[in-house]
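> Starting from these lines, generate the structure:
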Amino acid sequence: MKIFRLMQVMTVFFSTVWLSSCIENEPLNAECDIVSASLPEELLVRPAEIVDRKDVHSVTFIVKNFVDVTALAPEFEITPGATIAPASGTMRDFSDPQEYTVTSEDGQWSKTYTVIAKHDDPIALKYSFENARVVPANSQGGMCDEFVELSPTDPNVPNMVWASGNQGFGLTNGKKGPETYPTFQADNGVVGRCAGLVTRSTGTFGAMVGMPLAAGNLFIGKFDMTNAVNKPLEATQFGTSFYYVPIGLRGYYCYTPGEKFMELVNRKLVEVPGRTDECDIYAVFYERTADMEYLDGNNVLSDDNPNIIAVARLDETQRKGAADWTHFDVEFKYRPDKSLDPEKLENGVYALAVVMTSSIEGAKFSGAIGSALFVDELEVVCL
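Predicted coordinates for the structure are as follows:
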């Protein structure tokens with residue numbers, strides 16, 4: 001019995017030592033990210049936007065007009081084991097951007113985030129597409145164009161960045177440059193430069209994942225790379241705060257459809273004889289709610305979407321094409337039983353999405369490769 005008892009003690013001892021050794025050898029976390037950021041919900045126009053990429057680490061809070069930005073105490077969730085300085089919940093003056101440094105659990109890595117809290121700067125209503133910057137599109141060195149709009153109150157400050165699916169296309173495009181992407185800045189505008197959107201093949205990788213083509217698209221909102229492959233319709237998130245009452249959408253466009261319309265069937269493209277591709281240009285005015293901050297590819301034009309208030313869209317004839325630059329002027333058609341609340345309008349509850357695409361069914365990976373849409377001098381007309 002004594003020998004048996006001794007063996008039990010030794011087993012417990014060595015098991016404890018082994019477990020302790022495993023715990024001690026567990027590598028410390030090397031990540032140093034801000035996962036989420038928050039202020040009291042009643043202060044915000046919309047949830048904080050976190051940008052975390054190679055060249056930019058930032059958090060932006062858009063607060064309601066009555067909020068005093070000189071005394072705010074944002075709270076941050078960071079990766080496990082990491083630390084943040086100043087500490088989460090520290091009261092600071094956000095009249096100017098503030099910096100927060102996140103350090104990994106192992107102490108070897110850190111990131112400095114620029115945190116901004118500002119009142120919503122109304123977006124411009126006229127878009128000439130003259131301002132574009134070249135940005136990384138993938139980790140292989142590929143570069144694409146990104147359109148920027150300047151603040152109506154300070155022409156030296158960007159206040160809106162147009163979104164596109166270029167980052168998703170970058171997964172297939174290696175080291176190539178902006179002119180090879182579905183969305184790019186073109187030189188042949190009505191005045192100066194313009195937005196160019198072309199439906200392109202996604203090559204071997206795209207075919208392998210059942211996404212064999214990519215329509216050129218440009219929209220107000222953001223593109224969510226985390227859903228680009230698994231939930232592509234949800235990756236396009238349309239809309240931004242809007243403080244005006246829209247009545248029309250106008251501008252110039254020219255469109256040439258590609259030669260063969262191809263429909264995605266069982267993850268492969270099949271030609272549809274007799275069908276011609278169409279472009280699309282539209283704007284959607286809607287009310288944001290907690291469960292629908294943005295519209296997406298599933299609901300942006302849905303007849304049964306209760307959040308949509310009004311839509312302005314090219315008609316069927318216009319969508320079929322215009323070989324030369326053609327002016328369009330379409331009105332917002334308000335949906336039955338919809339009315340505007342002035343208080344909601346003032347507090348940024350309403351939002352606007354403007355969307356352009358070179359293939360009307362591009363979100364379903366159907367269209368004609370080579371379809372080319374050019375847009376210039378776009379304007380949202382308001383009361």
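
> Look at the residue most central in space within the chain and give its secondary structure.
For the chain, the residue sitting closest to the mean C-alpha position, by Cα atoms, centre = their mean, is K222 at 1.3 Å. Secondary structure assignment for K222 (DSSP: H, G, I helix; E, B strand; the rest coil): strand.

> And for P80?
Classification of P80 by three-state DSSP places it in coil.

> so what's it up against?
Contacts for P80 (Cβ atoms under 8 Å, 6 or more residues apart in numbering) come out as N29, E105. Backbone N, C-alpha and C define where each C-beta goes, glycine included.

> okay, now D341: neighbour count?
Residues near D341, counting by other Cβ atoms under 10 Å, number 11.

> Show me which residues of stretch 268-276 are buried.
Within stretch 268-276, the residues that count as buried by 16 or more other Cβ atoms under 10 Å are L269.

> which outside residues touch it?
Contacts of stretch 268-276 (Cβ under 8 Å, 6+ apart): 207, 212-213, 257, 260-264, 320-321, 366, 368.

> so of these, which ones are in helices?
If you go by DSSP state H, these have A207 in helices.

> with the contacts of stretch 268-276 in mind, which one is nearest to Y181?
Distances from Y181 to the contacts of stretch 268-276, taken as Cβ to Cβ, are shortest for L213 (13.3 Å).

> Next one: that closest one from N227, what distance?
Using Cβ to Cβ, to the nearest Å, L213 is found at 18 Å from N227.

> between these two, which one's more packed in?
Shown here are L213 and N227; by other Cβ under 10 Å, L213 has more neighbours (25 against 16).

> how near is the more buried one to S371?
In this view, L213 and S371 are 10 Å apart by Cβ to Cβ.

> what do you get for I34?
I34 sits 40 Å away from S371, going by Cβ to Cβ.

> since we're on the spatially closest residue to W109 that is not a sequence neighbour, how many residues are nearby?
Spatial nearest neighbour of W109, chain neighbours left out: C32 (5.0 Å); criterion: Cβ to Cβ, 6 or more residues apart in numbering. The number of residues packed near C32 is 25, by other Cβ under 10 Å.

> Could you do I369 as well?
Neighbour tally, I369, other Cβ under 10 Å: 21.

> Next: V265.
Neighbour tally, V265, other Cβ under 10 Å: 10.

> what does E293 give?
Neighbour count of E293, defined by other Cβ under 10 Å: 12.

> isn't V380 right up against V354?
Yes. In this structure V380 lies within contact range of V354 using Cβ atoms under 8 Å: 6.9 Å.

> Give me the common contacts of these two.
By Cβ under 8 Å, 6+ apart, V380 and V354 have these common neighbours: L249, A283.

> In strands only, show me the contacts of stretch 268-276.
The strands, defined by DSSP state E, take in L213, M262, E263, L264 from the contacts of stretch 268-276.

> want to throw those residues into TSV with distance to D277 and pLDDT?
Formatted as TSV, those follow (distance: Cβ to Cβ, whole Å; pLDDT from 0 to 100):
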residue	distance to D277	pLDDT
L213	11	96
M262	9	97
E263	11	96
L264	13	95
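
> Which one of the residues you listed is nearest to N305?
For the ones in strands among the contacts of stretch 268-276, the nearest to N305 is L264 (24.1 Å; Cβ to Cβ).

> Spatially nearest residue to that closest one, not counting backbone neighbours?
F365 (4.5 Å).

> more crowded one of I34 and S371?
Neighbour count, other Cβ under 10 Å: between I34 and S371, S371 has more, with 29 against 23.

> Report the contact partners of the more buried one.
S371 sits next to V198, T199, A215, Y255, T256, P257, G258, D277, C279, S358, S359 when contact means Cβ under 8 Å, 6+ apart.

> And the pLDDT for the last one?
Among the per-residue scores, S359 holds a pLDDT of 98.

> Nearest spatial neighbour of it, chain-adjacent residues omitted?
Nearest-residue entry for S359: G367, 2.8 Å, with adjacent residues in sequence omitted and distances by Cβ to Cβ, 6+ apart.

> picking that back up, output the ones in strands among the contacts of stretch 268-276 in TSV, with distance to E343 appended to each entry.
Shown next, in TSV, are those (distance: Cβ to Cβ, whole Å):
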residue	distance to E343
L213	45
M262	48
E263	46
L264	45
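
> Of those, keep whichever come out buried.
L213, M262, L264.

> My guess is the first one contacts A207. True?
Looking back up the chat, that one is L213. No. In terms of Cβ under 8 Å, L213 does not count as a neighbour of A207; the distance is 9.3 Å.

> any weak-confidence spans in the stretch 1-150 of the chain?
Low-confidence segments of the stretch 1-150 of the chain (pLDDT under 70): 1-26.

> quick one on the thing from earlier: could you dump the buried ones among the ones in strands among the contacts of stretch 268-276 to TSV with distance to D304?
Shown next, in TSV, are those (distance: Cβ to Cβ, whole Å):
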residue	distance to D304
L213	29
M262	29
L264	25
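
> Would you mind splitting the protein into its domains for me?
Domains of the chain are assigned by automatic domain parsing as 34-118, 126-382.
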